[in-house]
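# Predicted model and sequence follow; I will ask about them next.
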Amino acid sequence: MKPQIDLEKCIGCGACVPVCPAEPKVLAMEETGAGPKSKAANPQNCIACNACVSACPVQAIKLVE
């Protein structure tokens, strides 16, 4: 599983990054032309715990195969 981020929904709050228990973190913040957005920096580290999905206040993250 790996996180898929809907960049249209992502508000760049960063709530998903610190809740990830993986090291290095699966998600990171990236500056885009539309402001900061989450990105899957290390998707291979995802343990499918759903912490990032639960932390996202706008439901912009889902886990996919």
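Arrived safely, thanks for sending. Note that the structure is predicted; figures quoted are calculated from it, not measured.
# in the chain, which spans are helices?
Per DSSP state H, the chain carries helices over the ranges 51-55.
# Show me the residue sitting in the middle of it in space.
The C-alpha lying nearest the average C-alpha coordinate of the chain belongs to residue 27 (Cα atoms, centre = their mean; 4.6 Å).
# need the contact list for that residue.
Going by Cβ atoms under 8 Å, 6 or more residues apart in numbering, residue 27 touches 3, 5, 16-17, 20, 38-41, 52. In this view, the C-beta of every residue, glycine as well, is placed from N, C-alpha and C.
# Chain neighbours aside, what residue packs nearest to residue 34?
residue 7 (7.6 Å; Cβ to Cβ, 6 or more residues apart in numbering).
# Correction: the previous question concerned residue 12.
Nearest to residue 12 is residue 36, by Cβ to Cβ, 6+ apart, at 3.7 Å.
# Look up how far residue 61 lies from that neighbour.
15 Å (Cβ to Cβ, to the nearest Å).
# Which one of those two is surrounded by more residues?
residue 61 (23 against 14; other Cβ atoms under 10 Å).
# So what sits opposite the more buried one in the bridge?
residue 5 (DSSP bridges).
# That one and residue 52 touch, don't they?
Yes: between residue 61 and residue 52 there is a contact under Cβ atoms under 8 Å: 5.2 Å.
# where do the contact lists of the two overlap?
3, 16.
# about what we covered before: which strand residues bridge the residue nearest to the centre of the chain?
Residues in beta-bridge contact with residue 27 (DSSP bridges): residue 40.
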